[in-house]
Every structure is written in C-alpha cells, then in structure tokens.
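In: Following is a predicted model, sequence given first.
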Number of protein chains: 2
Amino acid sequence: MLRALSVAAAARRPLRLPRPCAPPGPLLLGLLCRQVRAAAGSTGAEHGSVLKTPKGTRYHHPVQMALRERLFRTVVSCFKRHGAAAIDTPVLELREMLMEKYGDNSRLIYELQDQGGELLALRYDLTVPFARYLAMNKITNIKRYHIAKVYRRDNPAMTRGRYREFYQCVNDRRILNGVFAICGIPESKLSTMCSTLDKLDKMPWEEVRSEMVGEKGLSPEAADRIGEYVQLHGGLDLIEQLLQDPKLSQNKLAKEGLGDMKLLFEYLTLFGITGKVSFDLSLARGLDYYTGVIYEAVLLQQENDHGEESVSVGSVAGGGRYDGLVGMFDPKGRKVPCVGVSIGIERIFSILEHRMKASGEKVRMTETQVMVATPQKHLLSARLKLISELWDVGIKAEMMYRKDPKLLKQLQYCEDMGIPLVAIIGEQELKDGVVKLRDVATREEVDIPREQLAAEIRRRLVP
Amino acid sequence: MLRALSVAAAARRPLRLPRPCAPPGPLLLGLLCRQVRAAAGSTGAEHGSVLKTPKGTRYHHPVQMALRERLFRTVVSCFKRHGAAAIDTPVLELREMLMEKYGDNSRLIYELQDQGGELLALRYDLTVPFARYLAMNKITNIKRYHIAKVYRRDNPAMTRGRYREFYQCVNDRRILNGVFAICGIPESKLSTMCSTLDKLDKMPWEEVRSEMVGEKGLSPEAADRIGEYVQLHGGLDLIEQLLQDPKLSQNKLAKEGLGDMKLLFEYLTLFGITGKVSFDLSLARGLDYYTGVIYEAVLLQQENDHGEESVSVGSVAGGGRYDGLVGMFDPKGRKVPCVGVSIGIERIFSILEHRMKASGEKVRMTETQVMVATPQKHLLSARLKLISELWDVGIKAEMMYRKDPKLLKQLQYCEDMGIPLVAIIGEQELKDGVVKLRDVATREEVDIPREQLAAEIRRRLVP
C-alpha cells in the first residue's frame, strides 16, 4: 500500500513544452541530509488499545519533517519562479467519477463504506481531479501546482541507493503510435503494447520481445520491426533521421510528433539543457490519457568503487500532454489542452533520507534561536518575563519547563537541539539590567544591555 | 460533512500553561483580504462524466490558496517561535484504534470498505493519533505541531460575520467536577452533565437548567446550586473567592484545579495578557479525555451600526490537558502528561474570506516579479533566452505562451496578475545589449544593461 505524496504541475500549452518549471532534479538533489531513525510501521505490545499504524503507512518524525519542509520549499520555489499558482481539490471524491478514469488501475482505488449519502473514494491521482476542476470552472488558461497526498492500494518495493546523476527522457505518444502502425499493429492493441513496452526500463529487449510474441500474439517479424525503432535514443540528429525514414515519415501521427519533438529540442537548446534530455523511443508511460509528448526524470545510481557504470534506479518524476481529459468533463466536450508533470515526493524523500544516513550533516528539527536560561534557583519569573519579551518581538526562543533547572542541563539542551545562543539571567544580571549572551559553539559570553538583546541576537544570526 | 483542516500543538507540561504558542487570535486576525469567487461544490451539466465534488467538500482556487498560505505561515511562524517541531501521522488509521476513543462521536468517523487486508478509517482528529505516536515511540518530552486534514461525517452550519475581538476562556475539569460533586451529582452523570453544560454558549441558563432537570433527571435544587457556580466568570479575584468558598474548598479535586488556575493567572500576569483571558466556570468542552485545564479562543462579532454589544460568534481554537490518553496506548499504562490546542483553520479561513469580500485589498495568486515581453514579431527565441537567464539566477519570471503576442496583451496580463515589472526586448534593445525595464504602476521605462537586469529587478523589489 502506497501513500504517495504527489506534487503536480500543469499548464496550458506552455510553448508545447513540458516545462511549467525547470527540471526538478538538480534542485532536489542539491540537498544534503543526515541520519534519522527509520519510521516504525508497527511495534510494541498492546495495553487495551491498538498500538500500530496501518500497513504501508508511516510516521514522520521531527527531523524528517524538517527535511520534508526543505524539499517542499525547493519544489515550491521552483514552481513560483515560473509563475505557477496553487489550487486544492478534495481528498474525497465521488466513486463514480474515479472509477471511469484509470482502466485496470481502478482496483487500486480506496473505496469508502456506504454509510448513507454519496458513495465516496479517496483520490488516486491529482490529474483527473484537476481536469474536472478546469471543466467545472470553465478555466482554459492556468499554470497550477498542487501538493497533496494521493492514495493507492499498492505494494511498492522501494529501492534505495546512492544517486548521483539524473536525466530526462522524452517521447511522444504519436511517434510511438506511428511506429506501431507502420509495424502492422492494429489500433485495438496499442494500449496493451504500450504497457508491455513500458517494461523496457526493467528488462532487456529480448524479454519484452518474447512477451509481445508469446503473450500478446505478435508475429516475430512485427516484433523485430518494433525493436529496431524502440531501441533508438538520441537528440536532434535522431529526430532528423526519423523525419527522413521512408516509412515513419509517411505516417501522419508520427510526422506530427516528430515535428513537435524537433521544436522541443530547439527550445531545449535555447535553455541550454539538451545534454540533460534524451529522446527515447521506448518511453511509453502507463496511463491511457496521454496524447502527445511524454517524459520521465530518471535518477542514475552512483558508480561504485569497482568503477562500474551508472545504472538507472528509477523515475522520480514524469508526465506528458493530455489534451483529451478535460473534454471528458465538459458538458459540450470542449477540449482544453494540458501538459503537466508529477514529482514523486515520497521517492525523492526516501533517497534524501538514505543520504542523511550516509552523510554526517545535522538537520535541526526546530528553528529556535536562543535559549533563555538561569544559573540560580527562584528565577522562574525572570525567565518567563524575558522569554515573553523576546517572543513579542519575533525572536524564536525556548526555556526549560522545570522550575529550577541546572545550568548544565540547559546548556546540554542547546547542544542537543542545535540552538546557537543562550540568554542567561542571574541575580547579578537582573541588578545590572543586562543579559549574558553565550555562544554555544565558542562558549564566549558577553553582557548585553537588556533592551539591545533582540537586536544583538538578530545581528549574530544573520545568515 | 466537514473536512476540517486542523492545526494542533501539544507540549509536555509547559509550565502547566496552555500555551505552546502565543494566542493565535490577534495574529490571525491581523490579516486583510479581498473578495474571491465562492468555491462551487457542484455545478454544471454532465458529459458522460461526473461533474461535481462530494457534498461538503470544496475547491480552493489560486487566490484562496494564496490566502491560506499566509494563514499557515502566520500559524507556523508562531509555533516555531516557541520552539515547536513538526510531526506527521497517517491519514488512514486502523478502524479498531479509532472506534474506542470518541464515544458517541464515533458515528461521525469515515470508514473504508473492506477490500481485503486491514479494516481502515480516516482519522477523526490529531490528538488520538498523537497520543499513540508518543506511546509507540516512547517519547515523554516533545513540543510538536501538526497541520493536517481530519475527516468527520458532519453537517456543519458555518456562521459568517464580521469579527473584531477575540478572547480566551479557561476552566479546569477538576473544578467543574468539584462543583458537580458538591451539588450532589453522582460520578456516573458527570459526562452527560458536561455535554449539557457545554450548550451554555448557545442558550441561556434557564434552558440549560430545564434540560438538566427534565431530560437528565436532576432535582431543581441541585440544578440551582450548579447554576450559582457555572454562571461565574472572572480572573484572579474569582479564583481567590472560590478558594475561600466553604464547600468548594473542601473538595480535593476542585482545590487542586483552583490552585493550578491561580498559578496559570500568575503566569498570564507575567506575560501581560490577563485582559485577554477569562476564567469561566461554564466552560466544559465536549470530549471525555480532558483531565485538567481546558480553554477556548472565542471570536466576538463586531458591533453593528446600531451600537449593539459584541456577541460571541464561536470558538476558533480550543484544547486542554489530557494526562490519561497516552497511558491508554502504553503497554504498561505509563502516563505521559500532555496539554494542547487545536486551531480551527477552516473556520478562520472562512472568516478571512468573508473579510476579503468586505475589504478591497488585492491578494496576488502568484509571486511573479517580472514579465518578459517583446514589442515586435519573430522574437520568441529572444524571450526564451532572456527568461531562461532570469530563472537561472532565481528571478520569478513569466512570459506569454503565444508566438507573437501583442505588447498591450502582455501589459494587460501584468495588470491582471499584479506583476510589478516588465522586461521588454525589441530589435533595438537586442542590438544595444540592453533591456527596457518598465514599472507597471508608473509606466516609467528605463534601459538597463542586460547583465545588470537581475540585480536591478531585485533592487526595485526590496520590500
């Protein structure tokens, strides 16, 4: 069972370009992290009450949440840099609406019990609700992003590893359909051929070929013809070559697709990112609703010590053009062309967590700037007054909840939590109207006039 | 049906103080907003597909999302200022775990269909999952906040109005139980008496009294004795008075509660916020798990033109101490004292939206800093190159997706979206190596050397 947290973006005809935001990969991968305790799905004995969470679900502890916040901030800042606006749609959907849209995958939808009223289900992705949103609100132009959880009754096997490099591969459904057509595949078999072809990233061509011939009943010759095309990948050169291909260039769909792919590569050249993108004729994508360009961002595993080559460890983002989906919701069937990308946040988060384990970087779980501490007894009121002053001017401050904590304990707490400063007030400081400001790292202490404390804390913590 | 988005905070024994964060009200109410289109729950005809969302659910449009982001930023910054860390727990819970915890309210829980595997339900609140989190992870010390949706099969009637003022009322379950005890109410009736008393904010004492006597079978004398207490409210004076009350001061529970209430008011005095908090003996709170101090933040409706007095329009936050809940999950029944507050984000958001309607302030739905525009045809490549340069250095930039948009259209888009600057490149600018930077508000235009453009945009947009 997978509780995927998905970030999706979609834009209307952004220059026919799959890019409402810059490629997410390098940004996301720029993060460094440190070890966290793995979240337990189920543990411990019971005391009259259930002491576990459902299978496949997990807790996120404070350090993990701090890391997630970084990740989201990175993704959202990228969306905002490209002018995107946020929307939100309900988690609960009418069962009927969902059941029609995902083909075979409908069996993975979580359905709610009939408790009276409407029959409900949990959303399966963000694309179908978005298409309905556009149709209901008669929106034909929007650059939107949407960060939300989606629910699938899945059994995901999460691969983990060290990841170094990432690239995007691109294809166009029309090119793929053109290839199938000139190889003599009837239209009724296109969808099932796509899902077989989709396995090419996990198994060699020979196995895919034998599934096509054995299970799907293709002639060995047709399979070989397909094989000649789908094993191709490259850039502008390959596009030019295929545009000259005597058979493929005769196919209307393939020609359209190749023309748009050429335009896309021209834009990629202007953006200076052709090196990151590979035109890959085997890319098929599972879902039925794509109508044009399709793409995936793939992470490569870092070379190991034996100098072996990088291997792909899987897709962390993917999407494409779906010009027909909104029309399915419009009363008059009016089409709204759409193109979007979905980022697999949970997958990227897993990779980041793994990296935390490997590196030593400390991620703070809070943002506290200063600890308000006292060195003697009977100073609780003094602490309360000082911390209240600091809070009132926006300083992030904490104090221990004991009445008379030992100074060493208070300092230890700062070490544990990564709090950089301590504001100490004892009897002498109260008399003198000052606060002793201690730097936790250097252990240096300076008396600061109380009214200048907040300014001094701000000055010291300038990034 | 209510899809409440709840923000909850809980801390271990924060000085026996219901305050892991400063009072949310004044902060939240400091926001100004403007009109948005009301979200439609269901609309339009159908075209072979369901064109509505489930009852009680709603869309959040871009302007609403921008407003929500502000609201969350305010709340989260308050939590962080007080040293809180975030956690997350699963939306799906084992049905069994939830069913035992909410008494009568269990009928409002959304249950999932049995599709094989575990029996699941959607979480009803954030407190019970938090208590289980503590027990499972053996955590006895944490200041946590948690922002997440909770699900209830409810029929909320949302009151809207203009709100001006807010205050918090406080009580202690032990004081209330003490009052009931000295008025001769048997312990078995405490829970049902609490829920009757809880209605005192919506109906006058006479009606509550007659429910106690009529439905709950109390003697008129006992009801009158209760009435004498629960209609009291005040501050330190009232606490002192009750500590002298010959009957109440003999009750062990009430005495403990009054002692802690006195301490609380001493802390409130140190924080300088006694004026915002009223000790109110009628406050009961519905849920069973509270064991000590309980409180609510209440909004008062603004006086109308006829000079009528402020009236309460309802609670926007509430919580209390629940020292027994974690022990229910611990294998050995070990208690972890907890105190927390839950903020009714959806309610506050409704109020903010209403305020947007009333005021004229414009909320931008994007953060775009500059529009990249061209005044002549055949300059798409020039736009793409320039916008790519700006994106690469972190400037938030947009351009129109047409090949050759009219300059007026590009400027109009800036007006509509509140984009403050336009970077115009025509043939002359390309020759001269400059960009014409236009201020949308003043219409002033200045030529800027291209390599200085990003710096100039940043300089102009310093807040």
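Out: Great, that's in hand. Quick caveat, the model's predicted, so the values are computed rather than measured. Numbering: from 1, shown residues only, chains lettered A, B, ... in the order given.

In: Where does pLDDT dip in the stretch 201-350 of chain A?
Out: Along the stretch 201-350 of chain A, segments meeting pLDDT under 70 span A:301-313.

In: where exactly do the strands run in it?
Out: For the stretch 201-350 of chain A, the strands defined by DSSP state E, counting those that start in this stretch occupy A:233-234, A:277-280, A:293-301, A:312-321, A:339-344.

In: Can you dump the C-alpha atoms of the longest one in PDB for me?
Out: What that stands for is strand A:312-321. Taking C-alpha atoms only, strand A:312-321 is exported to PDB below (Å, rounded to 0.1, in the frame of the first residue of the first chain):
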ATOM      1  CA  SER A 312      19.100   3.800 -13.700                       C
ATOM      2  CA  VAL A 313      17.400   3.300 -10.400                       C
ATOM      3  CA  GLY A 314      14.100   4.700 -11.400                       C
ATOM      4  CA  SER A 315      11.800   7.500 -12.200                       C
ATOM      5  CA  VAL A 316      11.300  10.300  -9.800                       C
ATOM      6  CA  ALA A 317       9.000  12.500 -11.900                       C
ATOM      7  CA  GLY A 318       7.000  12.000 -15.100                       C
ATOM      8  CA  GLY A 319       4.200  13.400 -17.100                       C
ATOM      9  CA  GLY A 320       3.000  14.400 -20.500                       C
ATOM     10  CA  ARG A 321       0.400  16.100 -22.600                       C
END
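
In: number of nearby residues for the residue nearest to residue A:291 when sequence neighbours are not counted?
Out: The shortest distance from residue A:291 to any non-neighbouring residue, by CB to CB, 6 or more residues apart in numbering or on different chains, is to residue A:323 (4.6 Å). Where C-beta positions appear, they are placed from N, C-alpha and C, glycine not excepted. By the criterion of other CB atoms under 10 Å in any protein chain shown, residue A:323 has 16 neighbours.

In: Surely residue A:323 and residue A:290 touch.
Out: No. Counting by CB atoms under 8 Å, residue A:323 stays clear of residue A:290, with 9.1 Å between them.

In: Give the intersection of the neighbour lists for those two.
Out: By CB atoms under 8 Å, 6 or more residues apart in numbering or on different chains, residue A:323 and residue A:290 have no common neighbours.

In: The helix or strand containing residue A:194 packs against which elements?
Out: In this assignment (DSSP states H and E), residue A:194 forms part of helix A:190-197. Where contact means 3 or more CB pairs under 8 Å, 6 or more residues apart in numbering or on different chains; DSSP states H and E, helix A:190-197 is packed against helix A:173-182, helix A:205-214.

In: got the angle between it and helix A:205-214?
Out: 150 degrees (axes from the mean of the first three to the mean of the last three CA atoms, to 10 degrees).

In: who touches helix A:190-197?
Out: Outside helix A:190-197, the residues touching it (CB under 8 Å, 6+ apart) are A:103, A:176-177, A:180, A:185, A:208, A:211-212, A:215-216, A:230, A:282, A:284-286, A:288.

In: if we can go back for a sec, adding mean neighbour count and distance to chain B, write the helices and strands packed on helix A:190-197 out as TSV.
Out: Below are those laid out as TSV (neighbours: other CB atoms under 10 Å in any protein chain shown; distance: least, CB to the nearest CB, whole Å):
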stretch	mean neighbour count	distance to chain B
helix A:173-182	24	21
helix A:205-214	16	28
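
In: wait, which of the ones you listed is closest to residue B:254?
Out: Nearest to residue B:254, of all those, is helix A:173-182, at 73.3 Å by CB to CB.

In: what's the burial count for residue A:354?
Out: 17.

In: Quick check: residue A:294 touching residue A:321?
Out: Yes. Counting by CB under 8 Å, residue A:321 is a contact partner of residue A:294 at 7.5 Å.

In: Mutual contacts of the two, please.
Out: Counting by CB under 8 Å, 6+ apart, the residues touching both residue A:294 and residue A:321 are residue A:173.

In: residue contacts, residue A:425?
Out: So residue A:425 contacts A:372-374, A:379, A:382-383, A:386, A:435-436 (CB under 8 Å, 6+ apart).

In: Could you tell me how far it is located from residue A:446?
Out: Residue A:425 is 14 Å from residue A:446, where distance means CB to CB, to the nearest Å.

In: which residues do those two both contact?
Out: Common neighbours of residue A:425 and residue A:446 (CB under 8 Å, 6+ apart) are residue A:436.

In: Just the helices from the stretch 101-250 of chain A, written as ranges.
Out: A:127-136, A:173-182, A:190-197, A:205-214, A:220-230, A:236-244 (DSSP state H, counting those that start in this stretch).

In: who wins for proximity to residue B:363 among those helices?
Out: Closest of the helices of the stretch 101-250 of chain A to residue B:363 is helix A:127-136, at 19.6 Å (criterion: CB to CB).

In: Which residues are in contact with residue A:374?
Out: With CB under 8 Å, 6+ apart, residue A:374 has these contacts: A:380, A:382-383, A:405, A:407, A:410, A:424-426.

In: Turn these into TSV, including distance to residue A:89 and secondary structure.
Out: Output for the contacts of residue A:374, formatted as TSV (distance: CB to CB, whole Å; DSSP: H, G, I helix; E, B strand; the rest coil):
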residue	distance to residue A:89	secondary structure
A:380	49	helix
A:382	51	helix
A:383	47	helix
A:405	48	coil
A:407	53	helix
A:410	47	helix
A:424	51	strand
A:425	51	coil
A:426	56	coil
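
In: Mind putting the residues you listed into TSV with pLDDT?
Out: Shown next, in TSV, are the contacts of residue A:374 (pLDDT from 0 to 100):
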residue	pLDDT
A:380	96
A:382	96
A:383	96
A:405	97
A:407	97
A:410	97
A:424	98
A:425	97
A:426	97
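
In: What separation do you get for residue A:232 and residue A:105?
Out: Taking CB to CB, one finds residue A:232 at 29 Å from residue A:105.

In: okay if I get the contacts of residue A:425 as a markdown table plus secondary structure?
Out: Output for the contacts of residue A:425, formatted as a markdown table (DSSP: H, G, I helix; E, B strand; the rest coil):
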| residue | secondary structure |
| --- | --- |
| A:372 | strand |
| A:373 | strand |
| A:374 | coil |
| A:379 | coil |
| A:382 | helix |
| A:383 | helix |
| A:386 | helix |
| A:435 | strand |
| A:436 | strand |
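
In: Can you say which of the residues you listed are buried?
Out: A:372-374, A:379, A:382-383, A:386, A:435-436 (16 or more other CB atoms under 10 Å in any protein chain shown).

In: can you put those residues in TSV and add distance to residue A:353?
Out: Formatted as TSV, the buried ones among the contacts of residue A:425 follow (distance: CB to CB, whole Å):
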residue	distance to residue A:353
A:372	33
A:373	33
A:374	38
A:379	41
A:382	42
A:383	37
A:386	38
A:435	39
A:436	39
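
In: on that earlier part again, pull the CA atoms of the helix holding residue A:194 into PDB?
Out: Extracted C-alpha coordinates of helix A:190-197, given in PDB (Å, rounded to 0.1, in the frame of the first residue of the first chain):
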ATOM      1  CA  LEU A 190      -2.000  -0.100 -28.900                       C
ATOM      2  CA  SER A 191      -2.700   0.200 -25.300                       C
ATOM      3  CA  THR A 192      -1.600  -3.300 -24.300                       C
ATOM      4  CA  MET A 193       1.500  -2.800 -26.400                       C
ATOM      5  CA  CYS A 194       2.300   0.400 -24.500                       C
ATOM      6  CA  SER A 195       2.200  -1.400 -21.200                       C
ATOM      7  CA  THR A 196       4.500  -4.200 -22.400                       C
ATOM      8  CA  LEU A 197       6.900  -1.700 -23.900                       C
END
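
In: ok now it, how far from the chain's centre?
Out: With CA atoms, centre = their mean, to the nearest Å as the basis, helix A:190-197 stands 26 Å off its chain's centre.

In: likewise stretch A:279-293?
Out: With CA atoms, centre = their mean, you get 20 Å for stretch A:279-293.

In: any idea how far residue A:57 is from chain B?
Out: As judged by CB to the nearest CB, to the nearest Å, residue A:57 and chain B stand 3 Å apart.
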